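**Student:** take this sequence and fold it.
(chains A, B, C and D)
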Number of protein chains: 2
Amino acid sequence: MDAQQRKRKPPFDREEGLAKAQALFHARGYDAVSIADLTQELGINPPSLYAAYGSKAELFERAMQRHAAMNALPLAKILVPSRPPDEALTALLVAAARQYGADERLRGCMVTEGMRADDKAAREMAHAIGQAGADAIHAYVAAKAPKRARQITDYVLVTMRGLSSFACLGMTQARLVAVARLAGRALESEFTAGSRG
Amino acid sequence: MDAQQRKRKPPFDREEGLAKAQALFHARGYDAVSIADLTQELGINPPSLYAAYGSKAELFERAMQRHAAMNALPLAKILVPSRPPDEALTALLVAAARQYGADERLRGCMVTEGMRADDKAAREMAHAIGQAGADAIHAYVAAKAPKRARQITDYVLVTMRGLSSFACLGMTQARLVAVARLAGRALESEFTAGSRG
DNA sequence: GCCATTATTTAGCGATCGCTACATGTATCC
DNA sequence: GGATACATGTAGCGATCGCTAAATAATGGC
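**Tutor:** Predicted coordinates for the structure are as follows:
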């Protein structure tokens, strides 16, 4: 350590850093991404990260919010009330399958997968963010089949959860979409008047 | 450390220890269970654990094998060739839903959830063990609808994966079973001669 | 009795975890 | 210029991770 001076880089781009963190968390999941991974990817040191984002959990939360804002499925466009509900929900499943298998590195649903993190705080953040989407689907279904809304919503969410998991496991987009289409067939007779209760 | 003598307990029961480890891994998942958790639960010290089971990953593998041997779904009894295949596969989904939601603490499928562990070795062990079940289902389906075997098998596995995840998230057994039954409806028209492909 | 084997004990290894104290540098106000 | 605010740098905190070396106690063969 001779005549070495400490150099300082200009302040780093927080939005760009958040985008990189989002990609890392999405690709590997909350628990498998360390602070060291993040600081290396963002090209900064830990104090800068904490000054900018507060903590690993808060950074994860902001990354999920960014993901939800930029990559969320267009529920409002897919679940239009004028559409036959079985067709609309099938379209939702297919759209999810497409997105979950679209990017080779960012597979599955970041929020949905986050719900199964080992860290409790991360889990709860993911659950809170995911609840909004679940509520939207439930509200749509309830308008079409009030008595069976919970079961149908459960089914759609379970299928999406399975699609996300298999996407993370490497299933191709084509196979995911084929599964989504087949899954939609279970809904075909669910919205006819008085069907099954 | 006065006149304190080192006392030694009798050798611990390895099978009982494996059972306890199995429960721990099932309840919390591979990554979230530490060696300290295991040694405390088994009432032993780390060297005893390593002498008996080799490593954390090997212990996990043996726990999964034990789980598969004792708690596996009775595929051979459910997927009997004489049964209508849509009915048999629905029964499989329902049986899975029942099992995944049966025990308050041991929710979901240990093997299936293990496939998503952060640790690579654990993931691969779970994948290898789970492959046997997937192959069995595929073989059954292929005997009934060779051309659509992969898609139908994918659908069944995705649904089971979703059921396991939601079981881990706390969904009641009744709701899981209802989802399984609804999921089965997608299969009703898949095995009629020449349907869709 | 006596040794070899086996299983336990205490104690701690090196690595990594999330996170932070403190000093150094730059920018902004006056 | 000088003071203040702030973001960066180095360095390292205490805790936990999976795992193990070395010493001690029980066991079985002879």
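
**Student:** got the residues of chain A near chain B?
**Tutor:** Taking Cβ under 8 Å from any Cβ of the partner chain as the contact definition, chain A meets chain B at A:28-29, A:31-32, A:115-116, A:118, A:150-152, A:154-155, A:157-163, A:165-166, A:168-169, A:171, A:175, A:178-179, A:182-186, A:189-190. Using the backbone N, CA and C atoms, a C-beta is placed for each residue, glycine as well.

**Student:** now the buried members of the residues you listed.
**Tutor:** Judged by neighbour count, with 16 or more other Cβ atoms under 10 Å in any protein chain shown as the criterion, the buried members of these are A:29, A:31-32, A:115-116, A:118, A:151-152, A:154-155, A:157-163, A:165-166, A:168, A:171, A:175, A:178-179, A:182-186, A:190.

**Student:** among those residues, which lie within helices?
**Tutor:** Secondary structure from DSSP state H places A:151-152, A:154-155, A:157-163, A:165-166, A:168, A:175, A:178-179, A:182-184 of these in helices.

**Student:** with adjacent residues omitted, what lies nearest to the closest residue to chain B within chain A?
**Tutor:** Closest residue of chain A to chain B, Cβ to the nearest Cβ: A:G162 (3.2 Å). If the residues on either side of it in the chain are set aside, A:G162 comes closest to B:G162, at 3.2 Å by Cβ to Cβ, 6 or more residues apart in numbering or on different chains.

**Student:** got the contact list for the one you found?
**Tutor:** Applying Cβ atoms under 8 Å, 6 or more residues apart in numbering or on different chains, one finds that B:G162 lies in contact with A:157-163, A:165, B:179.

**Student:** adding distance to B:A126, write the residues you listed out as CSV.
**Tutor:** Rendered in CSV, the data for those read as follows (distance: Cβ to Cβ, whole Å):
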residue, distance to B:A126
A:L157, 24
A:V158, 20
A:T159, 22
A:M160, 22
A:R161, 18
A:G162, 16
A:L163, 19
A:S165, 12
B:V179, 23
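
**Student:** need the max-distance pair from these.
**Tutor:** Taking Cβ to Cβ, the two most distant members of these are A:S165 and B:V179; they sit 15.2 Å apart.

**Student:** could you list the domains of chain A?
**Tutor:** Here the domain parsing of chain A from automatic domain parsing is A:14-68, A:72-187.

**Student:** first to last residue in the longest one, what's the distance?
**Tutor:** Counting by Cα to Cα, to the nearest Å, you get 23 Å between the two ends of domain A:72-187.

**Student:** can that domain be said to contact DNA strand C?
**Tutor:** No: under the criterion of Cβ under 7 Å from any atom of the strand, domain A:72-187 makes no contact with DNA strand C; the nearest approach is 8.2 Å.

**Student:** over to the first one?
**Tutor:** Yes: in terms of Cβ under 7 Å from any atom of the strand, part of domain A:14-68 sits within range of DNA strand C, namely A:33-37, A:45-47, A:50, A:55-57.

**Student:** sweet, I'm off.
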